[in-house]
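Asks: sequence plus predicted model, see below.
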Amino acid sequence: MATGRIRRPKSQEVIYNELTNKKEFGMFNTYKDLFMLGLVVGFLEERKVPFDQTLEEINWQVFNMDTDESVINMIAYLETEDLNLIYDGTEGSFKHKIKIAEEYAAGGVEKVYELVIADQKNAMQVLIDYIQKFEEVNEQTYTTKQIKDDINL
């Protein structure tokens, strides 16, 4: 399914605005970029945040189908072990995998914000240092727990 919108929690309005505001310490060009990093961080940290109230949604068309959708599909599969979410192409499967992504992204965006806000002066370096912890993860098949143990989260 190539249409749809991706939700962001209303409670994270300040986070999204601050981390994309180039006049402040925003280091992300788009909400989509922050969402995708949040998705991966949320998954690795096992931080899912369910939510009902949303901000302006992100149009699915801005996501890269080769990279962003692959990450979303991988996380949906690892979460559910259900390949139908990826391959059946129905609206129901699409919505299910997107909901998984939205909730992990909400948890991960909070973690990213915690890292950045803790040291605003050196926010970019703090974020780089955090991301570099993932360099030790190689191409072997890992469970989430193994990845977390390897990078000492």
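Replies: All right, it came through fine. Residues are numbered from 1 along each chain as shown.
Asks: please make it C-alpha for all contacts and neighbour counts, starting now.
Replies: OK.
Asks: show me how far the helix or strand where residue 104 lies is from its chain's centre.
Replies: According to DSSP states H and E, residue 104 maps onto helix 91-118. Here helix 91-118 is found 5 Å from its chain centre; the criterion is Cα atoms, centre = their mean, to the nearest Å.
Asks: packing partners for it?
Replies: Packed against helix 91-118, as judged by 3 or more Cα pairs under 8 Å, 6 or more residues apart in numbering; DSSP states H and E, are the following elements: helix 13-20, helix 31-44, helix 68-80, helix 84-87, helix 123-132.
Asks: list the buried residues in that helix.
Replies: 93-95, 97-113, 115-117 (16 or more other Cα atoms under 10 Å).
Asks: stretch 49-66 too?
Replies: So for stretch 49-66, counting by 16+ other Cα under 10 Å, buried means 49, 58, 60, 63.
Asks: with stretch 18-32 instead?
Replies: Buried positions in stretch 18-32, judged by neighbour count with 16+ other Cα under 10 Å: 18, 19, 20, 25, 26, 27, 28, 30, 32.
Asks: ends of that stretch, what's the gap?
Replies: 14 Å (Cα to Cα, to the nearest Å).
Asks: now do the same contact list for the residue nearest the centre of the chain.
Replies: Nearest to the mean C-alpha position of the chain, by Cα atoms, centre = their mean, lies residue 39 at 1.4 Å. Applying Cα atoms under 8 Å, 6 or more residues apart in numbering to residue 39 gives the contacts 101, 102, 103, 104, 105, 106, 107, 108, 109.
Asks: follow-up on the earlier one: would you mind getting the angle between the helix holding residue 104 and helix 123-132?
Replies: Comparing the axes of helix 91-118 and helix 123-132 via axes from the mean of the first three to the mean of the last three Cα atoms, to 10 degrees yields an angle of 130 degrees.
Asks: tell me what angle helix 91-118 forms with helix 68-80.
Replies: Counting by the same axes, to 10 degrees, helix 91-118 lies at 100 degrees to helix 68-80.
Asks: quick check: mean pLDDT across helix 91-118?
Replies: Helix 91-118 shows a mean pLDDT of 94.
Asks: nearest to residue 88 among the buried residues of stretch 49-66?
Replies: Among those, residue 60 lies closest to residue 88 (Cα to Cα), at 18.1 Å.
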